[in-house]
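S.K.: Structure of the sequence below:
(one chain, ligands or ions: 2)
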Amino acid sequence: MKKQLKKSFIALCIAATIVGCNTTPATTTSLTQQDAEQFLNNVEQELIALNLAGARAAWINANFITHDTNALAANADQKSTEAGVRFAMEAAKFDNVDVTEDQRRKLNILKQSLVMPAPQNAEKSARLATLGSQLNSMYGRGSYTTNSGETLSLGDMTSTMATSRDYDELLEMWQGWREVSPEMKPLFTEQSALANEGAKGLGYRDLGTMWRSNYDMPADEFAKELDRLWLQVKPLYEDLHCYVKDKLAEQYGEDKVPSDQPIPAHLLGNMWAQTWGNIYDVVAPENTDPGYDVTKQLAAHQYDEIKMVKGAEHFFTSLGFEPLPETFWERSLFTKPKDRDVVCHASAWNLDAKDDIRIKMCIQKTGEEFNVIHHELGHNFYQRAYKNQPTLYQGSANDGFHEAIGDTIALSVTPKYLKEIGLIDSIPDESKDIGLLMKMALDKVAFIPFGLLVDQWRWKVYSGEITPENYNTAWWELREKYQGIAAPVARPDNAFDPGAKYHVPGGVPYSRYFLAHIQQFEFHKALCEIAGNTDPIHRCSIYNNKEAGKALNEVLEMGQSKPWQQAYKVLTGSEQMDATAILDYFAPLHKWLKKKNQGKSCGI
Ligand code: X8Z
Ligand code: ZN
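M.R.: Ligands and ions are numbered 1, 2, ... in the order given. Sure thing, here's the model as predicted:
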């Protein structure tokens with residue numbers, strides 16, 4: 001994701017900024033291990049300088065969206081994509097050469113790391129780059145003008161979605177933001193066709209298969225893994241969904257939220273209904289309220305945006321990580337500028353593959369955003385931890401790892417921790433556990449089917465199963481199938497609702513977030529064990545624990561030098577992802593939900 005790539009992973013970063021290398025081996029048959037070594041060395045050398053140039057163009061574009069910066073970023077993107085395609089083709093020439101394990105891994109990384117591969121045709125690669133830049137800029141510049149003439153940013157609308165309990169106002173925001181995406185549809189359609197052609201040129205069935213090939217296992221097996229993990233979590237999700245629907249019916253009326261229908265998508269506290277923590281007040285279990293609200297506590301303790309970031313940094317340094325460099329504070333974007341368009345969607349960057357790490361985020365002073373800051377810093381600390389790896393290994397074990405690290409840390413932002421840093425005065429006792437778990441489940445459990453369906457949709461688009469005429473209906477079919485939610489009103493014929501979610505115009509694969517939501521609970525459990533925790537797992541905080549920090553760092557430092565299964569084993573003892581940790585974490589809540597749902601007909 002070039003631009004946003006910086007935000008979440010480096011494999012993309014690498015792909016985004018690759019530039020030409022003149023080491024094309026002469027013939028396939030005569031290739032040797034030495035040729036592979038020379039090829040890889042040259043690629044890695046060139047990548048360092050070239051990545052920097054590409055990342056700078058993307059950074060400037062995302063911080064100042066204009067006609068010209070779009071063109072500059074598209075240009076850089078075209079160069080890096082073309083080089084990435086060329087490298088992938090060259091790497092494939094070693095397919096039948098007897099290379100070392102390490103060389104094979106690097107060659108495979110080169111073959112798979114592009115997210116939007118271009119066809120080998122200068123006109124088409126230029127077009128693909130322009131489409132990516134235009135789609136990104138449409139999203140970044142998106143706004144909605146209300147009937148009364150007020151222009152609202154996505155940030156403004158996000159706040160209303162979180163706090164308003166007025167059905168019609170929520171509906172207006174929900175519909176309003178979706179006006180930004182119909183014009184994206186022809187561009188997205190063309191982009192998909194070109195990138196698909198690029199993926200086929202690299203030997204993949206389609207782009208979705210290429211994306212799924214990035215997990216140290218066959219593409220089809222990876223898809224099955226996701227299904228397996230989802231089926232583990234589904235019963236918990238269904239019980240949460242059932243309980244929440246009931247509470248929403250109490251709040252808005254059964255005519256608005258009928259018990260035998262999916263939940264209307266605008267009532268869940270979030271523009272995409274992907275996390276529901278903002279409606280905690282609506283669904284809060286009786287008598288178990290933990291008694292504090294992080295948003296209010298931040299305000300009460302005069303936290304501004306910088307203090308929030310410093311607070312998150314402090315957690316990492318308490319584990320033994322070095323503080324962020326001075327340049328992080330000088331070069332990051334923390335607040336939404338008033339005078340220009342920026343891509344506000346939060347991202348973390350590493351410009352020079354060493355210490356020039358930054359975040360770019362239009363921070364809102366809420367508990368939710370405090371979590372997002374931990375998420376972003378997780379990316380930055382990861383990037384810095386693997387900076388001494390060879391360039392091609394500067395990435396996460398799999399892309400779920402990159403997304404999971406900051407979230408893992410945020411799971412340690414418990415009442416005990418909040419008290420230690422002075423944000424709250426007392427720790428709620430055990431009788432409040434259901435409330436604490438409910439708040440967490442509304443964010444973490446609710447997210448899981450959304451995390452899955454975004455790429456279920458894209459994979460089907462890329463395979464041709466979903467055609468442009470069906471983009472929107474297929475999207476809502478998946479939203480209903482996995483999340484049990486529905487559009488609150490009939491969607492207009494030109495609607496392109498997937499485009500209203502950043503990662504679709506942004507060209508950022510989404511399965512990584514699904515993985516991260518499974519992985520972070522396994523990581524949290526493992527780190528809590530290392531820290532000698534004796535509290536229930538949802539009350540465990542690894543704050544200040546250097547042993548846990550050391551164990552975490554060990555995995556981060558590995559980058560993508562080994563198959564992810566090995567990195568996973570270092571921390572969790574297992575080579576397989578498993579949803580048991582998240583299920584155990586929420587077991588008391590699940591028991592409580594089942595009781596509450598007795599006699600109701602639940603299920604999606
Ligand atoms: O995009 C993000 C991060 C940046 S990698 C803010 N997330 C997904 C989203 O917002 O949809 C984090 C969780 C899911
Ligand atoms: Zn992220």
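S.K.: What is the neighbour count of the residue nearest to Pro492 when sequence neighbours are not counted?
M.R.: Once flanking residues are discounted, Pro492 sits nearest to Pro182: 7.8 Å by Cβ to Cβ, 6 or more residues apart in numbering. (C-beta placed from N, C-alpha, C; glycine too.) A total of 17 residues lie near Pro182 under the criterion other Cβ atoms under 10 Å.
S.K.: for Leu436, same thing?
M.R.: 21.
S.K.: That one contacts Gly291, correct?
M.R.: No - under the criterion of Cβ atoms under 8 Å, Leu436 makes no contact with Gly291, lying 10.2 Å away.
S.K.: what do the two both touch?
M.R.: Counting by Cβ atoms under 8 Å, 6 or more residues apart in numbering, the residues touching both Leu436 and Gly291 are Pro428.
S.K.: pLDDT of stretch 88-99, averaged?
M.R.: Across stretch 88-99, pLDDT averages out at 97.
S.K.: typed the wrong thing, it's stretch 248-266
M.R.: For stretch 248-266, mean pLDDT is 97.
S.K.: And the helices in the stretch 301-450 of the chain?
M.R.: 305-318, 326-331, 367-385, 399-411, 415-420, 433-463 (DSSP state H, counting those that start in this stretch).
S.K.: Can you tell me which residues in the stretch 301-450 of the chain are near ligand 1?
M.R.: Ala346, Ser347, Val372, His375 (Cβ under 6 Å from any ligand atom).
S.K.: now, which of the residues you listed sits nearest ligand 1?
M.R.: Ala346 (4.0 Å; Cβ to the nearest ligand atom).
S.K.: Hmm, that closest one is touching Arg358, no?
M.R.: No - in this structure Ala346 lies outside contact range of Arg358 using Cβ under 8 Å: 11.7 Å.
S.K.: Name the residue in the two with the higher neighbour count.
M.R.: Each of Ala346 and Arg358 has its neighbours counted (other Cβ under 10 Å); Arg358 has more, 24 against 20.
S.K.: ok, now how distant is the more buried one from Tyr144?
M.R.: Note on Arg358: its distance to Tyr144, by Cβ to Cβ, to the nearest Å, is 29 Å.
S.K.: Leu268 too?
M.R.: Taking Cβ to Cβ, one finds Leu268 at 19 Å from Tyr144.
S.K.: Name the residue in these two with the higher neighbour count.
M.R.: Leu268 (26 against 19).
S.K.: Around the residue nearest to that one when sequence neighbours are not counted, how many other residues sit close by?
M.R.: Of all residues not flanking Leu268 in the chain, Trp276 sits nearest, at 4.7 Å (Cβ to Cβ, 6+ apart). When neighbours are defined as other Cβ under 10 Å, Trp276 has 27 of them.
S.K.: so what's Trp276 up against?
M.R.: Contact analysis of Trp276 by Cβ under 8 Å, 6+ apart lists Val244, Leu268, Gly269, Asn270, Val283, Leu442, Asp443, Ala446.
S.K.: The same query, at a cut-off of 10 Å, please.
M.R.: Residues near Trp276 by Cβ atoms under 10 Å, 6 or more residues apart in numbering: 240-241, 244, 248, 263, 267-270, 282-283, 438-439, 441-447.
S.K.: Next, find the distance separating it from Asp443.
M.R.: For Trp276, the distance to Asp443 - Cβ to Cβ - is 7 Å.
S.K.: Phi and psi next, for Leu152.
M.R.: The phi/psi pair for Leu152 (degrees, to the nearest 10) reads phi -110, psi 140.
S.K.: How many neighbouring residues does it have?
M.R.: Leu152, neighbours per other Cβ under 10 Å, totals 18.
S.K.: picking that back up, right, and the residue nearest to Pro492 touches Ala495 too?
M.R.: Yes - counting by Cβ atoms under 10 Å, Pro182 does reach Ala495; the two are 6.3 Å apart.
S.K.: Mutual contacts of those two, please.
M.R.: Common contacts of Pro182 and Ala495, defined by Cβ under 10 Å, 6+ apart, comprise Asn472.
S.K.: Where does the residue lying closest to Leu202 once chain neighbours are set aside sit: helix, strand or coil?
M.R.: Spatial nearest neighbour of Leu202, chain neighbours left out: Ala88 (5.3 Å); criterion: Cβ to Cβ, 6+ apart. Classification of Ala88 by DSSP: H, G, I helix; E, B strand; the rest coil places it in helix.
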